[in-house]
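> From the sequence below, what's the structure:
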Amino acid sequence: MKRIYFLLFQLILLHSSVFSQQNFSPENGDRLVLLGNALIENEQQFGFLEYKLSSFYPEKHLTFRNLGWSGDTVFGEARSYYTNPPGPYDLLISQIKAAEPNWVIIGYGNVEAQKGAASLDLFKNGMNQLLDSVEAIGAHAILLSTIPQISAGTKDLLALRNKAYSDYNQAIHAIAQRRRLAFVDVFDAFTTTTATEFYENNGIHLNEKGYAQLSEAIMNQLGLSRETPTIEIDAATESVESNVPVNKLSIADKTRNISFQSIQNAPSYPHRANETIKVKGLKKGTYALSMDGKLVAVGNRKAWEAGIPLAQSPGLQQAEQMLKLIREKDKVYFQQYRPQNRTYILGFRSYEQGRHKEGLAALDALILWLDDQINQTKKTKILHYQLERLP
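Presented below is the predicted three-dimensional model:
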């Protein structure tokens, strides 16, 4: 009997742990900070993670700040100005506080793991210290796993490195469980047989495809995946089946011209077809589909019956505009919090060009404007479809 109670107790603990790890639900007005090493810093070149997280909540105004720093550790060792104080760790904490986060996605471990098992306890202490600081400012933390390397000097060195990354991942997971935090394990997303396509030539850093893969893996782990919009119309019965709202369906029987409206969010994937249209019951001929007055697809009756993925649509234009704004905002923010000549503006030679510090503060207005533009661009759209039979 005691054994049964013990097993039930273990199940309850497991259930509560899983529930707490999946509990990611930002509120309107929240700010998400991305913190970590090169894995985080280089993401701002592409903006896929911000795009996916922000567009998943079209009704919420969310803002993002990227505080990644190449070569950084949980002790902020890469964040060193030419003055002391502040020391690197103090600077790290001050930057987090200045960003005013509600959520902090933390991606550390790849740099520390290169020192092997001897530094694992030091890393765990540093991670807990960092999490204490994040908790003290009232922000929620989400812990990100390391990613593997795919090449090194020798096969033995590669195996040693990846074993260390795996060990550090277990430590990060254990910390997340103990502190009831979300742990996002993306390691396996980069151990596929085609993983080389996700990396730069050095086999360590991700390329554009890699960051698209990373953002998708994070969304899946957080339970934020969305179905690809599919609209299936039967022209003969004037009926529609769809996983997105469709209304005002109108079919001209003699010509089989069809019009309708659909309400959709920004596409899940900004660079590929995100929607499929199927139409059966058409008369023989070739049909052109327009969305909001713009031609997006042409096909014969058989093609429409099989379904045509829309590779050109207002939704993809919306996605491209949103990504453009995200990348511009990240670029401006990077210039503000990490100015190229920071030694002369903020460091020990600030007596020469310290007056430019006011110029950095003035960038706040532009960053906030770009934040607003991103959130306006991602809003749900009412799309007007017109399928017409060509002469």
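> Please verify my assumption that A152 contacts G203.
Yes. If you go by Cβ atoms under 8 Å, A152 and G203 touch, sitting 7.0 Å apart. C-betas here are computed from N, CA, C, even on glycine.
> measure the spatially most central residue of the chain to Y199 for me?
With distances taken as Cα atoms, centre = their mean, the residue of the chain nearest its centroid is L49 (1.6 Å). As for L49, its distance to Y199 is 17 Å (criterion: Cβ to Cβ, to the nearest Å).
> So K124, which state does it fall into?
What DSSP: H, G, I helix; E, B strand; the rest coil gives for K124 is helix.
> what's the nearest residue to it if we skip its chain neighbours?
With sequence-adjacent residues excluded and distances taken as Cβ to Cβ, 6 or more residues apart in numbering, K124 is closest to A171, at 5.4 Å.
> dump the residue contacts of the one you found.
Under the criterion of Cβ atoms under 8 Å, 6 or more residues apart in numbering, the contact list for A171 reads L120, F123, K124, M127.
> Name the helix or strand for it, please.
If you go by DSSP states H and E, A171 is part of helix 155-179.
> So what are the sheet partners of the helix or strand following that helix and their directions?
Moving toward the C-terminus from helix 155-179, the first helix or strand encountered (DSSP H and E) is strand 182-184. Strands adjacent to strand 182-184 in the sheet, as given by DSSP bridges, are strand 140-144 (parallel).
> quick one, what contacts N28?
E59, K60, H61.
> got it, and N207?
Neighbouring residues of N207 by Cβ under 8 Å, 6+ apart: F198, Y199, E200.
> can I assume L249 is in contact with V240?
Yes. In this structure, L249 is within contact of V240 by Cβ under 8 Å, at 5.6 Å.
> Neighbour count: these two, which is higher?
When L249 and V240 are compared for neighbours, V240 comes out ahead with 18 against 15, by other Cβ atoms under 10 Å.
> part of a helix, is the more buried one?
No. Counting by three-state DSSP, one finds V240 to be strand, located in no helix.
> any idea how far it is from I258?
10 Å.
> and for those two, which residues touch both?
What both V240 and I258 touch, as defined by Cβ under 8 Å, 6+ apart, is the set I233, L249.
> that older thread, now, among the contacts of N207, which is nearest to T230?
Each of the contacts of N207 was checked against T230 using Cβ to Cβ; the closest is F198, at 27.8 Å.
> So what's the predicted local confidence for that closest one?
Predicted confidence (pLDDT) at F198: the value is 97.
> ok, now which ones touch the nearest residue to it once chain neighbours are set aside?
For F198, the nearest residue in space outside its immediate sequence neighbours is G210; the separation is 3.5 Å by Cβ to Cβ, 6+ apart. Contacts of G210 were listed using Cβ under 8 Å, 6+ apart, and they are F190, F198, Y199.
> Of the residues you listed, grab the buried ones for PyMOL.
Once 16 or more other Cβ atoms under 10 Å is used to decide burial, the buried members of the contacts of G210 can be selected in PyMOL as follows:
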select buried, resi 190+198+199
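> okay, the contacts of G210 in JSON lines with distance to M322 and secondary structure next?
Compiled in JSON lines, those are given as follows (distance: Cβ to Cβ, whole Å; DSSP: H, G, I helix; E, B strand; the rest coil):
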{"residue": "F190", "distance to M322": "26", "secondary structure": "helix"}
{"residue": "F198", "distance to M322": "23", "secondary structure": "helix"}
{"residue": "Y199", "distance to M322": "26", "secondary structure": "strand"}
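> so which of the contacts of G210 would you say is closest to G107?
Within the contacts of G210, the smallest distance to G107 is 13.4 Å, found for F190 (Cβ to Cβ).
> and that closest one, how far is that from N110?
The value you get for F190 to N110, if Cβ to Cβ is used, is 12 Å.
> Please apply the same query to L120.
Taking Cβ to Cβ as the measure, L120 falls 14 Å from N110.
> same check, this time on K254
Distance of K254 to N110, computed by Cβ to Cβ: 64 Å.
> what's the answer for A235, then?
The span separating A235 from N110 equals 55 Å under the rule Cβ to Cβ.
> got it, and D90?
The span separating D90 from N110 equals 23 Å under the rule Cβ to Cβ.
> Neighbour count for these two, which is higher?
Applying other Cβ under 10 Å to D90 and N110 shows that N110 carries more neighbours, namely 24 against 13.
> isn't that one right up against N37?
Yes. If you go by Cβ under 8 Å, N110 and N37 touch, sitting 5.9 Å apart.
> Now the common contact residues for those two.
Contacts common to N110 and N37, judged by Cβ under 8 Å, 6+ apart, are absent.
> buried stuff in stretch 61-80?
In stretch 61-80, residues buried by neighbour count (16+ other Cβ under 10 Å) are 61-69, 72-79.
> what's the spacing between it and its chain's center?
On the basis of Cα atoms, centre = their mean, to the nearest Å, the separation between the geometric centre of stretch 61-80 and that of its chain is 16 Å.
> Please apply the same query to stretch 33-44.
The chain centroid and the centroid of stretch 33-44 are separated by 11 Å, computed with Cα atoms, centre = their mean.
> got it, and stretch 172-189?
Centre to centre, stretch against its chain (Cα atoms, centre = their mean), the figure for stretch 172-189 is 17 Å.
> Same check on stretch 67-84?
The chain centroid and the centroid of stretch 67-84 are separated by 23 Å under Cα atoms, centre = their mean.
> C-alpha coordinates for it, CSV please?
Output for stretch 67-84, consisting of C-alpha atoms alone and laid out as CSV, is shown next (Å, rounded to 0.1, in the frame of the first residue of the first chain):
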residue,chain,number,x,y,z
LEU,A,67,21.1,40.8,-25.0
GLY,A,68,23.2,38.0,-26.5
TRP,A,69,27.0,38.4,-26.4
SER,A,70,29.3,36.1,-28.3
GLY,A,71,31.6,34.0,-26.0
ASP,A,72,29.5,34.9,-22.9
THR,A,73,29.0,32.7,-19.9
VAL,A,74,26.6,32.8,-16.9
PHE,A,75,29.1,35.0,-15.2
GLY,A,76,29.0,37.6,-18.0
GLU,A,77,32.7,37.1,-18.7
ALA,A,78,32.5,38.4,-22.3
ARG,A,79,30.9,41.7,-21.2
SER,A,80,34.0,43.6,-20.1
TYR,A,81,34.5,47.3,-20.6
TYR,A,82,37.8,48.9,-20.1
THR,A,83,36.7,50.2,-16.7
ASN,A,84,36.2,48.5,-13.3
